[in-house]
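J.: When you get a sec, could you give me coordinates for this:
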Amino acid sequence: MLLIHVPKNTPRVSYIFKQICKRNLGLDVDLTATIEPFVAHDGPKFSYGRQPLGKELYFQSVDLLFEHGLNDVEVQIQDWEETKCFFEVVHSGSALPFDIFAAAFYLLTRYEEYLPHVKDEMGRFPATESLAYSNGFLQDPVIDIWVGKFKEVLLLKYPDLQFPNRKSSIIPVISVSQTFVYKNKGILRSIGGGIRDLYDLHFDKLTDRVKVILGLKKDPYNTFDFIIDLQKEKKRKAKVLIGLGDFSTYEKNVGHNRLQHHKVIKHIADYVDVGLKASYEAVGNVSTLKKEKLRIENIVNRRLQYSLCSFFKLKLPEAYRNFIELEIGEDYSMGYSGYPGFRAGTCSPFLFYDLDYEVQTPLVVYSFCYANLGDEDGLIDLASVRKEINLYMEKVRKVNGVFIPVFSNTLFSDLQDQAFWKSIFKYIWMSQDE
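T.: Numbering: from 1, shown residues only. Take a look at the predicted model:
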């Protein structure tokens, strides 16, 4: 057991030490605010505070973990070895030149997203407003890098300390805004779509529409057998997160009560974990979210465990509080739309900490670092996309984290560059875990 002496065991202190020492490094950890048991402890130990107790392994603290509520925290970024850090400390006896625990807490809790900021047109916290983007470390899982350095310091002091073997993994996520493009749309929507195809002189789309409606061709957006075949070839903890919101400006999926829709969802759930893509309206409205939760549970006959916010509209802490109230276990929304990288500074799962209530919650947050929902503009080529994918996969492998890409099912249809995106997705899926 690793014993840590702290001046005061606050909820913030308990949360971050358990995250870093137990969840990231796999160590049993205990905290004490009294000196006697710390001095008497024969095993690995260190102190954390303003001043060391003696000549023990020591990490100097800043004030953040001993505060309550939100304050105007001054953050100055420094270069440190091959990465960046902040919350610099000045005591010469500190084992690290910055407060790793306060810095990790600041990023994991998304402290900056609680502070006043400019929102984008959809009410989201923009990547460009973030500390990571502004200081050039959004592309790096800095917390996991710091934890690796922290582990080296512990081993230098306690070479017999045993760490469980942790391996990197890949969790592909499929976001389903539209299960079908032509099928089950209803008479009015089908007629309206056909008229639009004629007006735009899209005769090939009109032909496909008619064939699908007549049952002569499979709907182009029903690309799930491709994913199921990959799952049969190589088992992964993939997630297919399906939108079941009511039709609106932002939600265009077919009706949740259509039998063909149920049939497809049940078919997917036989092979892959299925969850809910909470609609634009549901993210901030718990009653709407509850309605959509019941829909997916009634279809797959199991309790909802996985969630994703439509358009990554993750307004903190309200969105996560709603998920917690409805006992949703895991969320995959922690990332930015249009900006690859690590929004919370990590590629390791972590429990959401509510800064307003100063409490650790049971919601497990999984950060994605790459997403394409089929709305990218401009020309892209296979070599450049694969290079970018490889860059992030290698960053995650180096720290034994979880690589999570998010793709829309529509990318694998013949209405998009099907062969291109299927090859990219298959390349990710079949890549080796470490």
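J.: Compute the number of surrounding residues for the residue nearest to residue 107 when sequence neighbours are not counted.
T.: In space, and not counting its chain neighbours, residue 107 is closest to residue 345: 3.6 Å by CB to CB, 6 or more residues apart in numbering. C-beta: built from backbone N, CA, C; applies to glycine. When neighbours are defined as other CB atoms under 10 Å, residue 345 has 27 of them.
J.: For residue 345, give me its contacts.
T.: Residues near residue 345 by CB atoms under 8 Å, 6 or more residues apart in numbering: 104, 107, 108, 132, 137, 141, 142, 143.
J.: in what helix or strand does the first one lie?
T.: In this assignment (DSSP states H and E), residue 104 forms part of helix 100-108.
J.: what's that helix packed up against?
T.: Contacts defined by 3 or more CB pairs under 8 Å, 6 or more residues apart in numbering; DSSP states H and E place helix 100-108 against helix 11-17, helix 142-157, strand 350-354.
J.: mind redoing it with 7 Å?
T.: If contacts are counted by 3 or more CB pairs under 7 Å, 6 or more residues apart in numbering; DSSP states H and E, helix 100-108 sits against helix 11-17, helix 142-157.
J.: For residue 373, which of the ones you listed is the nearest?
T.: helix 142-157 (25.8 Å; CB to CB).
J.: Now do the same for the closest one: mean pLDDT, whole number.
T.: Here helix 142-157 scores 98 as its mean pLDDT.
J.: For it, buried residues please.
T.: 142, 143, 144, 145, 146, 147, 149, 150, 151, 154 (16 or more other CB atoms under 10 Å).
J.: Which pair in the contacts of residue 345 has the greatest spatial separation?
T.: 108 and 137 (14.6 Å).
J.: Include distance to residue 128 when you put the helices and strands packed on helix 100-108 into JSON lines, please.
T.: Shown next, in JSON lines, are the helices and strands packed on helix 100-108 (distance: least, CB to CB, whole Å):
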{"stretch": "helix 11-17", "distance to residue 128": "27"}
{"stretch": "helix 142-157", "distance to residue 128": "18"}
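J.: Helix or strand next in line after the longest strand along the chain, which one?
T.: The strand that spans the most residues within the chain, counting by DSSP state E, is strand 359-367. Later in the chain than strand 359-367, the nearest helix or strand by DSSP H and E is strand 370-372.
J.: Residue 420 and residue 381 touch, don't they?
T.: No: look at residue 420 against residue 381 with CB atoms under 7 Å: they stay out of range, at 8.7 Å.
J.: With neighbour numbers in mind, choose between these two.
T.: With neighbours defined as other CB under 10 Å, residue 420 and residue 381 compare such that residue 420 has more, 15 against 9.
J.: that's a helix at residue 299, yeah?
T.: Yes: counting by DSSP: H, G, I helix; E, B strand; the rest coil, residue 299 is part of a helix.
J.: Please verify my assumption that it contacts residue 263.
T.: No: using CB under 7 Å, residue 299 makes no contact with residue 263, being 9.6 Å away.
J.: Just want to know which of the two has more residues nearby.
T.: Comparing residue 299 with residue 263 by other CB under 10 Å, the one with more neighbours is residue 299, at 20 against 11.
J.: so what's the more buried one up against?
T.: For residue 299, the contacting residues are 262, 265, 266, by CB atoms under 7 Å, 6 or more residues apart in numbering.
J.: separation between it and residue 29?
T.: 41 Å (CB to CB, to the nearest Å).
J.: Number of residues surrounding residue 35?
T.: For residue 35, using other CB under 10 Å, the count is 12.
J.: Not counting sequence-adjacent ones, nearest residue to it?
T.: residue 53 (6.3 Å).
J.: hang on, the earlier thing: pLDDT (mean, whole number) over the longest strand of the chain?
T.: pLDDT averaged over strand 359-367 gives 98.
J.: got any ranges where this structure has weak pLDDT?
T.: 182-216, 375-379, 416-417, 434 (pLDDT under 70).
J.: Point me to the residue sitting closest to the centre of it.
T.: residue 367 (2.1 Å; CA atoms, centre = their mean).
J.: Return the member of the contacts of residue 345 nearest to residue 353.
T.: residue 108 (6.9 Å).
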